[in-house]
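build me a model from this:
(one chain, ligands or ions: 1)
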Amino acid sequence: MGTSHILTLEPQYLKIVLSTGFEHYEKGEVFRDVFRSLFGTGVFNSDGEMWKFHRSITRPFFTRDRISDFEIFDRHADLVIFKLKERFSQGFAVNVQDLLSRYTMDTATEFLFGQDVKSLSGELPYPSTYKGCTPPHVHPSDKFTSAFNRAQEYSYPHGFFAKAWRLVEFWEDKVAIQREITNEFIDPLIHTALRKKRDAKEVYEVDKDDGTLLDHLVQQTDDFDVIRDEALNILLAGRDTTAALTTFVVTMLAEHPDFLARLRKDVLDTLGPNGKVNPENLREMKYLRAVLNETLRLYPSVPWNVRCSKNSVVWPALDGGKQIYIPGRTQIHYLPWLMHRRKDLWGPDAEEFDPDRFLDERVKKYLVPNPFIFLPFNAGPRICLGQQFAYNEMSTIIARLVQAFKEISLDMNSNPEAKPPAAWALGPGRRAVEKVWVKSDITAYANGGVWVKMQEADME
Ligand code: HEM
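Presented below is the predicted three-dimensional model:
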């Protein structure tokens, strides 16, 4: 369709694109156009001066103190544990992907807007094989979350058709329709925040370590659309990524009981059965961090990404090969998903799930000399703004889960359609051993969910 494309899994080239040669690359016109209906002009979907502006108004919000508010994570984690115990006591498996998406939706909306959508209060879905179930009650939060989910789902085909997507959706922009529904939730909150600012007699100062993202944004600008796009960008950037990752963590723990036992020991030795995660004890739980990193390596939430060359560039020759000429406006695709599995970069056991590789001599051998082999959060000036927030949130929910439950098992019979295609078992690589149907649109996910049962921990 008249566009040049190149695909690379080469860390040395990604270092140039994302970091050392940053000024020669951008997200680009195609990306911005394809995702405009979803992201508007927020931080995720802007380039150049516009991106700098967005990044500058958003970054101060992610200060260490503010993102270390574990109380929000903990309160919602209580509800997750309650829901799990309730459903297990009825003898059913739970789709953790659905549950953890509700968790990250509620924590993120409270953190960003000061008011959560309360999706955890809704009824969890029953296994598709349970004939006696009545359709779950429609919870008020369903409207927002389903529109939010559909907006992302409908954006993916935009990427496929590139600029031609407008022809395919000539009569209606499917994503924009969903965004109107999500706006119904966000708009009143923005109006309130702006009114609060206007009504304040003196300049309305938000405490440095207090206030929501909205409180913070209205200090920076009165532009309603900018505030709305920005808030929604951060919700989009932060919700599914963390939900996906924690879902794959639970999947891996179910598949590897020995790693679950080690993780429980790490967490219980540090926190005991009821202790809460805080910034100090988080540093001590090294195995927990290794489990998160190993999952981010094999199942990076953003498996595919793209940049566009602003002008023609030449990449250096590597390993006796040739230099590579990249014309201006070339779409440069890169896939952390595949790069993270390269045996020449990570060792012969690269396709195995083994958290110890982030703790033993393999760190010095592979990662320290070549940090660009691990890019779950991207790198350079556009590195993920929510990285620390995500580690805090993910650590809290995983620690709480292993405190409360001592065994986890997959129960994929609860939804036979969630099983990976039979042909995968004959294929190469990790596909052959996958027990869940891994798929991806903007973020990775398990098709049909991940259904699990858990055994409650004894009162230790
Ligand atoms: C496991 C969790 C997460 C992963 C794996 C992740 C990954 C990423 C990646 C790969 C990017 C780069 C996207 C690109 O440049 O095309 C990114 C950007 C971003 N992330 Fe995250 N993210 C996570 C969680 C979060 C959270 C919780 C938040 C906020 C609450 C967040 C906020 C952002 C923002 C604002 C950007 C845009 C940065 C920019 O373009 O300047 N992320 N993230």
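
next, give phi and psi for the closest residue to S312 other than its chain neighbours.
Nearest in space to S312, with sequence neighbours left out and distances taken as Cβ to Cβ, 6 or more residues apart in numbering, is G328 at 4.8 Å. (Each C-beta comes from the backbone N, C-alpha and C, glycine too.) Main-chain torsions, G328, degrees, to the nearest 10: phi -60, psi 150.

kindly report the same for G42.
phi -70, psi -180.

what does T8 give?
When quoted as degrees, to the nearest 10, the phi and psi of T8 stand at phi -130, psi 140.

quickly list what it is bridged to.
Going by DSSP bridges, T8 is paired in beta bridges with Y334.

which ones are touching the residue in the chain that the ligand sits nearest to?
Minimum separation of the chain from the ligand (Cβ to the nearest ligand atom) falls at G386, amounting to 2.0 Å. For G386, the contact set (Cβ atoms under 8 Å, 6 or more residues apart in numbering) comprises 62, 67, 234, 237-238, 241.

the nearest residue to T3 once chain neighbours are set aside: what's it in contact with?
Nearest residue to T3, sequence neighbours excluded (Cβ to Cβ, 6+ apart): Q331, at 5.8 Å. Shown in contact with Q331 (Cβ under 8 Å, 6+ apart): 3-6, 28, 30, 306-308.

residues from this structure in reach of the ligand?
43-44, 55, 234, 237-238, 241-242, 245, 301-302, 305, 376-378, 382, 384-386, 389-390 (Cβ under 6 Å from any ligand atom).

I'd assumed A290 was in contact with F358.
Yes - using Cβ atoms under 8 Å, F358 makes contact with A290 at a distance of 4.1 Å.

now name the helix or strand holding K406.
According to DSSP states H and E, K406 maps onto strand 405-410.

and the next element down the chain from that strand?
Downstream of strand 405-410, the next assigned helix or strand under DSSP H and E is strand 438-440.

report all helices and strands that that next one contacts.
Of the remaining helices and strands, those touching strand 438-440 by 3 or more Cβ pairs under 8 Å, 6 or more residues apart in numbering; DSSP states H and E are strand 444-446.

thinking again about what came up before, turn the contacts of G386 into a markdown table, columns for pLDDT and neighbour count.
Output for the contacts of G386, formatted as a markdown table (pLDDT from 0 to 100; neighbours: other Cβ atoms under 10 Å):
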| residue | pLDDT | neighbour count |
| --- | --- | --- |
| F62 | 85 | 17 |
| I67 | 70 | 20 |
| I234 | 88 | 24 |
| A237 | 86 | 22 |
| G238 | 85 | 22 |
| T241 | 94 | 24 |
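
now secondary structure and distance to D106 too, for the residues you listed, in a markdown table please.
Below are these laid out as a markdown table (DSSP: H, G, I helix; E, B strand; the rest coil; distance: Cβ to Cβ, whole Å):
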| residue | secondary structure | distance to D106 |
| --- | --- | --- |
| F62 | helix | 19 |
| I67 | helix | 16 |
| I234 | helix | 15 |
| A237 | helix | 17 |
| G238 | helix | 12 |
| T241 | helix | 16 |
